[in-house]
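In: build the 3D model from these lines:
(one chain, ligands or ions: 1)
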Amino acid sequence: MGKSGEKEAPPTEPPVPRDGGGAGDGGGDEAEDERSFEEIGLDPRLVRALSKKGVEKPTPIQQVAIPLILEGKDVVARAKTGSGKTFAYLLPLLQKLFSSSGSKSKVAPSAIVLVPTRELSQQVRTEVLSLIELCRVQLKAVELTGGADMRAALAGSPDILVSTPGCIRKCLSSGVLQPASLSDSLEILVLDEADLLLSYGYEEDLRALKAHIPRRCQCLLMSATSSADVEKLKKQILHNPFILTLPEVGDVKDDIIPKNVQQFWISCAEHDKLLHILALLKLELVQKKVLIFMNTIDMGFRLKLFLEKFGIRSAVLNAELPQNSRLHMLEEFNAGLFDYLIATDDSEIKEKAKANDENQGQRKKSRKHAKAKLDSEFGVVRGIDFKNVHTVINFEMPPSVAGYIHRIGRTGRAYNTGSAVSLVSPKEMDILEEIKSFLGEDENKESNLVPFPLLTKNAVESLRYRAEDVAKSVTKVAIRESRAQDLRNEILNSEKLKAHFEANPRDLDLLKHDKVLSKKPPASHLRDVPDYLLDPKTQEASKMVKLARAAMGKCNPANKQVTKRKSRKSRDPLKTFTVEAPKRAQGGGNKANQRDGDHNRKSKKRKSVD
Ligand SMILES: Nc1ncnc2c1ncn2[C@@H]1O[C@H](COP(=O)(O)OP(=O)(O)OP(=O)(O)O)[C@@H](O)[C@H]1O
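Out: Residues are numbered from 1 along each chain as shown. Sure thing, here's the model as predicted:
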């Protein structure tokens, strides 16, 4: 695939904004790196469209990636969660298609965006369609994921196809997408959330696609974390790319997580987690909206039923639900129709279980154990742009540091602030330590992940009796029944939703997903916490959270100039990252150069934009 040594040499220094410092020094002349969308060469139609969306100024990753992509360079962009990577590739991609659209009659797409999950696919397509509509250009974008009618989706030769690698492979093997036509048409290929593409099992699919990617095709790879998988993809698909990367581990480790996300943890026994989350939510010690991560679907329903008894309504987003319901649930949550979303994030756990099974040769095809009903293209943790989530709660800890980074990256997106609270049981202390050490905590350095200060022991104990009593009533049978009932409801909803949304795409409020599953309404003594149960410190804390929320409401992104530029920048998740130009092949071959490039990330070629 590589095209090293061809044509003109790529520049040794990428066309980045001037800066005064080396990688990760956090210094530099701040005023210099603030270029506008116009200044980085964006088409006025796109600039206007962004302005209508309230997006006025490019984020650092956009400032550097957009000009490079417009120049036709292959780019690897690794930047933190919520840093604006989607526009970083989408805007130049569209701009390039503005000029090439209609130039020849193509029977296959000019651009393909590959993502690991349906949810992301839908999210990207929505963004593309909205930009196309606002720019008033004649481009056609379609989304294609498993289960859809491939032939119908591709009829009319879309310019942009957003899909998963598995789906593209099916299109190619079934002839719905002619390999020769694809090789003829394809100009840009994007691998979004690249760190997940291989772990979702798309390696074979990508290999199959690779054979049909023409040499001239520009390839872009976007990722929030770096991993062996990202390296592998980079070597397989890209041509001597520019590497845009966030501060290297060792320089500013904690900068991998946006600075405007405050991280807390609470130590509690496994059996006290329900009690603790009740205290956090009922005493209003965390700000809404709240996204709660669980590792299993059953646990998600256990929490939902438990909270219901206290009058707290929530929805459980999980891989078992029909796609329409999941998408609708996400839209409703994003639109603020409910405040508590429980998301089961079991992808890593499934992966590990699968690996174990395979290692042990346990390839039983037992129907009982086949989780075929779970959607393998489902994923809520990576990449989904949840809007205005103020708090992420890890009810159960993720199994890996990368999982933690992605989960808490669902808050503090773009210019927003947020907090993450992890409930950590004794058996989860190891992963907590791993996360802390990844964040750079040691004897000399203060941790960014600190004990949650607002929840007193008294406050927890005041709710213990009620919580334990209610927890006992949430039995395994009740959970099983509720889960089945929820699924039945959602399957019915899904059909209605499909028909309804085809006619009324903007009507969100048709079906609510945070419906109460228990037959009995919550008892009034559980719904309201009497004052005598609360200690003054907790009452004070709860007031503080409410005040902070009210204040934040006034401090939206449009008012961000109220803070001094320097301090704002240092907290800003959209800020720091570095750039590395591709190495010019000098007889040594492209792959070697890419490898070297990575080793040299800290070297002179790296530019800090901060
Ligand atoms: N220049 C900008 N100014 C303000 N907001 C922006 C800008 N660019 C993107 N955003 C907003 O920031 C949010 C996060 O962007 P995006 O989803 O692209 O992040 P990401 O880097 O892909 O995150 P993840 O790694 O979690 O997928 C979105 O709501 C997006 O609309």
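In: okay, domains of the protein per the record?
Out: For the chain, the structural domains run 44-249, 261-349+375-474+523-548, going by the TED database.
In: and of the ones you listed, who's closest to residue 36?
Out: The closest of these to residue 36 is domain 44-249. By C-beta to C-beta, the value is 6.4 Å. Quick note: C-beta positions are derived from backbone N, CA and C, even for glycine.
In: for that closest one, the averaged confidence score.
Out: Taken as a whole, domain 44-249 has an average pLDDT of 86.
In: coming back round to it: can I get the domains of the chain in CSV with distance to residue 488?
Out: Putting the domains of the chain into CSV (distance: least, C-beta to C-beta, whole Å) gives the following:
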stretch, distance to residue 488
domain 44-249, 20
domain 261-349+375-474+523-548, 11
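In: and the host helix or strand of residue 206, what other elements does it pack with?
Out: In this assignment (DSSP states H and E), residue 206 forms part of helix 203-210. On a contact count with 3 or more C-beta pairs under 8 Å, 6 or more residues apart in numbering; DSSP states H and E, helix 203-210 meets helix 165-174, helix 228-237.
In: restricting to C-alpha, output the last one in CSV.
Out: In other words, helix 228-237. C-alpha atoms of helix 228-237 as CSV (Å, rounded to 0.1, in the frame of the first residue of the first chain):
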residue,chain,number,x,y,z
ALA,A,228,-0.7,-1.6,19.1
ASP,A,229,-3.9,-1.8,17.1
VAL,A,230,-3.6,1.8,15.9
GLU,A,231,0.1,1.2,14.9
LYS,A,232,-0.9,-1.9,13.0
LEU,A,233,-3.7,-0.1,11.1
LYS,A,234,-1.4,2.8,10.4
LYS,A,235,1.2,0.6,8.9
GLN,A,236,-1.3,-1.4,6.9
ILE,A,237,-3.4,1.3,5.4
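In: what is it packed up against?
Out: With 3+ C-beta pairs under 8 Å, 6+ apart as the test, helix 228-237 has strand 75-78, strand 188-191, helix 194-197, helix 203-210, strand 218-223, helix 590-599 packed against it.
In: likewise the first one?
Out: With contacts defined as 3+ C-beta pairs under 8 Å, 6+ apart, the secondary structure elements packing on helix 165-174 are strand 111-114, strand 141-144, helix 150-154, helix 203-210.
In: can you give me the angle the longest one makes with helix 165-174?
Out: Interaxial angle, helix 203-210 versus helix 165-174 (axes from the mean of the first three to the mean of the last three C-alpha atoms, to 10 degrees): 50 degrees.
In: next, the buried residues of helix 203-210.
Out: Across helix 203-210, burial judged by 16 or more other C-beta atoms under 10 Å covers 203, 205, 206, 208, 209.
In: who in the protein is up against the ligand?
Out: 55, 57-59, 62, 79, 81-87, 224, 383, 385, 409, 413-414 (C-beta under 6 Å from any ligand atom).
In: helices along the stretch 401-550 of the chain, start to end?
Out: With DSSP state H, counting those that start in this stretch as the criterion, the stretch 401-550 of the chain has helices at 401-408, 429-438, 457-473, 476-503, 524-527, 536-554.
In: closest to residue 190 out of these?
Out: Nearest of those to residue 190, taken as C-beta to C-beta: helix 401-408 at 19.1 Å.
In: about what we covered before: output the helices and strands packed on helix 228-237 in TSV, with distance to residue 168 appended to each entry.
Out: Formatted as TSV, the helices and strands packed on helix 228-237 follow (distance: least, C-beta to C-beta, whole Å):
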stretch	distance to residue 168
strand 75-78	21
strand 188-191	10
helix 194-197	12
helix 203-210	6
strand 218-223	14
helix 590-599	24
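In: quick one: closest of those to residue 542.
Out: When those are ranked by proximity to residue 542 (C-beta to C-beta), helix 194-197 comes first, at 37.8 Å.
In: from the ligand, how far off is the nearest residue to residue 528 once chain neighbours are set aside?
Out: In space, and not counting its chain neighbours, residue 528 is closest to residue 311: 7.8 Å by C-beta to C-beta, 6 or more residues apart in numbering. Separation of residue 311 from the ligand (C-beta to the nearest ligand atom, to the nearest Å): 31 Å.
In: my guess is residue 311 contacts residue 527. True?
Out: Yes. Residue 311 is within contact range of residue 527, at 3.7 Å (criterion: C-beta atoms under 8 Å).
In: which neighbours do these two share?
Out: Residues touching both residue 311 and residue 527 by C-beta atoms under 8 Å, 6 or more residues apart in numbering: none at all.
In: is it true that residue 333 touches residue 326?
Out: No. Applying C-beta under 8 Å, one finds residue 333 not in contact with residue 326, separated by 10.7 Å.
In: rewinding a little: mean neighbour count, the helices and strands packed on helix 203-210: which tops it?
Out: helix 165-174 (a mean of 20; mean count of other C-beta atoms under 10 Å).
In: buried stuff in the helix or strand following that one?
Out: Downstream of helix 165-174, the first helix or strand assigned by DSSP H and E is helix 179-185. Neighbour-count burial for helix 179-185, counted by 16+ other C-beta under 10 Å, picks out 179, 182, 183, 185.
In: could I get the helices and strands packed on helix 203-210 in JSON lines, plus columns for distance to residue 195?
Out: Below are the helices and strands packed on helix 203-210 laid out as JSON lines (distance: least, C-beta to C-beta, whole Å):
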{"stretch": "helix 165-174", "distance to residue 195": "14"}
{"stretch": "helix 228-237", "distance to residue 195": "5"}
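In: which regions of the stretch 451-600 of the chain sit below the pLDDT cut-off?
Out: 492-522, 524, 530-533, 548-600 (pLDDT under 70).
In: nearest to residue 484, of the helices and strands packed on helix 165-174?
Out: Nearest to residue 484, of all the helices and strands packed on helix 165-174, is strand 141-144, at 30.1 Å by C-beta to C-beta.
In: which neighbours does that closest one have in its sheet, and in what orientation?
Out: Here strand 141-144 has these sheet partners by DSSP bridges: strand 160-163 (parallel).
In: quick one: end-to-end length of stretch 139-153, please.
Out: Start-to-end span of stretch 139-153 (C-alpha to C-alpha, to the nearest Å) is 15 Å.
In: which residues does it contact?
Out: With contact meaning C-beta under 8 Å, 6+ apart, stretch 139-153 is reached by 94, 97-98, 101, 118, 121-122, 124-125, 128-129, 132, 154, 156-164, 166-168, 170-171, 174, 176-177, 323, 377.
In: related to what we said a few turns ago, got the helices of the stretch 401-550 of the chain as TSV, with mean neighbour count columns?
Out: Shown next, in TSV, are these (neighbours: other C-beta atoms under 10 Å):
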stretch	mean neighbour count
helix 401-408	24
helix 429-438	16
helix 457-473	16
helix 476-503	15
helix 524-527	12
helix 536-554	13
